[in-house]
Each structure stands twice: as structure tokens, then as C-alpha cells.
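> here is my input; please provide its structure:
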Amino acid sequence: MKIKTSKKSGKTRRKIVMPTMRPKFQKILAPTDFSEQSMAGVRYAMNLRLKLGSALILFHVVEPTPPMGGMESVALAQSDSEVAAWALKELAKLAHRESGDDKQVTNLVRIGKPFHEITTEAGENQADLIVIATHGYTGVEHLLLGSTAERVVRHAPCPVLTVPAPTPTKRSGKTYTFKIKKILVPIDFSVISNDALPWASFLAARFKAELVLLHVEEKFPIDYLLGSELMSHTMVPVMKQAEAELEHLAGGLRKTTGANISVVVRDGKPFQEICRATEVLGADLIVLTTHGHTGLKHVWLGSTAERVVRHAECPVLVVR
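Take a look at the predicted model:
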């Protein structure tokens, strides 16, 4: 969705223009490493494809055996190709267990680095969506283990839906039930953030879900130096203006989509407030965009989307 802006009487007014291309969910790629954690993503993908009539590719990546100096003549237990053949059989068992003999579910194995092979396969096979579980670690554990899901989010050629999985040290004991009844869409009024709206609107229509548009007015360290009274005096009119603009955007969406839409405005750090709002409002899915930068530009700008993926307790759909 694009927003056209014009200024009249000193006020910014936004005109909503619906895109001509609608989101596609015809082909879903679901990576798994056969762990129980990765199964959170597989099961979500299975449920989603049944609701949307999508084809599903169950995908496994075999990491190459590292070369061992001076050990070239020693026969290893299994070659990479043998492991790949075993993985393909395991995928077939998994597909049969989860979906029976559904011909819309296929299996595929590649050899290489997981995040690279996942994003490469998505591009070559023209996948419309990648559904992948996150390991759920944060802090030091996250830094040590890294995150295939976050790298996929950063480099994938298509939208990525991440599903949080319980970790060995953090298990709620709850049985997960697939549902999409309330969708949270963070909006900062940029063209980039508004690109999430067609995807969220499409899913809201298919699942008869409520849309919640959220704007976070970011606070910076210098804001806190102003003192609570002066900061409040400054922030209140800004937040009221943001709420008015968000309601204007919601009004246009209601007319074009007929969706049930509410608006929320908060102040603070965007990723923290997005995650907090998700819990308070009971959202089942977050739909947001990523700026798509990599390398040094990514390091400088950071990524709200990746931080939300890391910390959110519900699935997150990231649109590139």
C-alpha cells in the first residue's frame, strides 16, 4: 500500500492507494532440522497451507563435514550424500505423519550452510513464503548460537514467517493451537512500513481476524534529559497527532477492506513496545517490514524486525 501526502492548512493528510498486486501464498518453504524446536515452524506451515490452499516444500539442509587435516585416508562413518539420502527419507516420514499422502507436500534436501541454502532455494523455487522456527534464545546464548532464522529474515528474497519455539530453559507447558484472530501491524508512516498492510489485510480477510495498527513514538536518551514534565508536554501533542494520522489510515483501510481495525499509539523503544503490545493485546501474529539493509549499513541502522523476531512470543511475518 502506498501513502500519498499533501499539506493543507498546515496539516499533513495522507491518501491511501491500494496496490494492484495482491500477496501470494501459493508456495511455502518450511525448513526443518528434525529437532522438536524446528517442528514448531513445520506445524505452523502445515496449518497455514491448509487454510490458504498452498503447496508446501519440507526442506532440510545437510551441513558439509569439515575437512580434517591428515585424516583424508580415514573412512568417515557417512558421507554428505549418504546423510542427504537419509534426510530425504526422514522428510518423507515427517510428511506422511503430518499430512498423510497429500500430493501438495514435497520434500527437498540440499547440502551447504543452512541460511544460505534456505534463501537460495526460496529464490530458485520461487517460494512465496518461508516459515521457520526461531530457537528462542536471547542474550549470551543467542550470541553464541547465532540465529539461522534472523539471517534468513535478512537475506530472503520473499517474506519470512518466524514461529517462536520453546527452549530447554523456557517452556511454558502450554499446547500451541494454530489461530490468527488478531494481527498487530507496526506502522511508522514510512512507505516501507506501509508495505506490510496488504499482507496483513489479506490474512485478516482470510481468517476473519482483527487488525491492530500500532505506532511507537520513539524516545531517545536526550528526551529523558528534558525531565518528565517537559517531556510529557512535548510528547502528548506528538502522540495525539500520531493517533489522528493512524486513525485516518485505519479509516481508509476499513473502507477498502471492510476489516475490523483498531489503533494503538505508544512511546518508547519500538521493538520493546511492539513485543509488549503483542502480549497485552493478545495478538496471534505480527506483520511488519524490514529495511532490507545488509553489511555495515545493517550494523549502523540496526533492525527492529530482527529484534522483534528474537523477542516476540507470537509468530512474526516479516515482509522485505
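> what sits against Q126?
Applying CB atoms under 8 Å, 6 or more residues apart in numbering to Q126 gives the contacts K27. Yep, even glycine has a C-beta here, placed from its N, CA and C like the rest.
> assumed it was part of a strand.
No - going by DSSP: H, G, I helix; E, B strand; the rest coil, the assignment for Q126 is coil, not a strand.
> can you list phi and psi of it for me?
phi 50, psi 50 (degrees, to the nearest 10).
> what segments of the stretch 51-200 of the chain are helices?
For the stretch 51-200 of the chain, the helices defined by DSSP state H, counting those that start in this stretch occupy 80-99, 114-124, 139-145, 148-155, 191-194, 197-207.
> and the fourth one, how far out from the chain's middle?
This points to helix 148-155. In terms of CA atoms, centre = their mean, to the nearest Å, the centre of helix 148-155 is found 10 Å from the chain centre.
> same for that helix, what does it pack against?
Applying 3 or more CB pairs under 8 Å, 6 or more residues apart in numbering; DSSP states H and E, one finds that helix 148-155 contacts helix 114-124, strand 129-134, strand 160-164, helix 304-311.
> now tabulate the helices of the stretch 51-200 of the chain in CSV and tack on distance to R276, mean pLDDT and mean neighbour count.
Below are the helices of the stretch 51-200 of the chain laid out as CSV (distance: least, CB to CB, whole Å; pLDDT from 0 to 100; neighbours: other CB atoms under 10 Å):
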stretch, distance to R276, mean pLDDT, mean neighbour count
helix 80-99, 34, 93, 15
helix 114-124, 29, 96, 19
helix 139-145, 18, 43, 10
helix 148-155, 20, 89, 23
helix 191-194, 18, 85, 16
helix 197-207, 19, 94, 21
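> save those as CSV, and put in distance to H291 too.
Below are the helices of the stretch 51-200 of the chain laid out as CSV (distance: least, CB to CB, whole Å):
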stretch, distance to H291
helix 80-99, 34
helix 114-124, 17
helix 139-145, 21
helix 148-155, 10
helix 191-194, 6
helix 197-207, 16
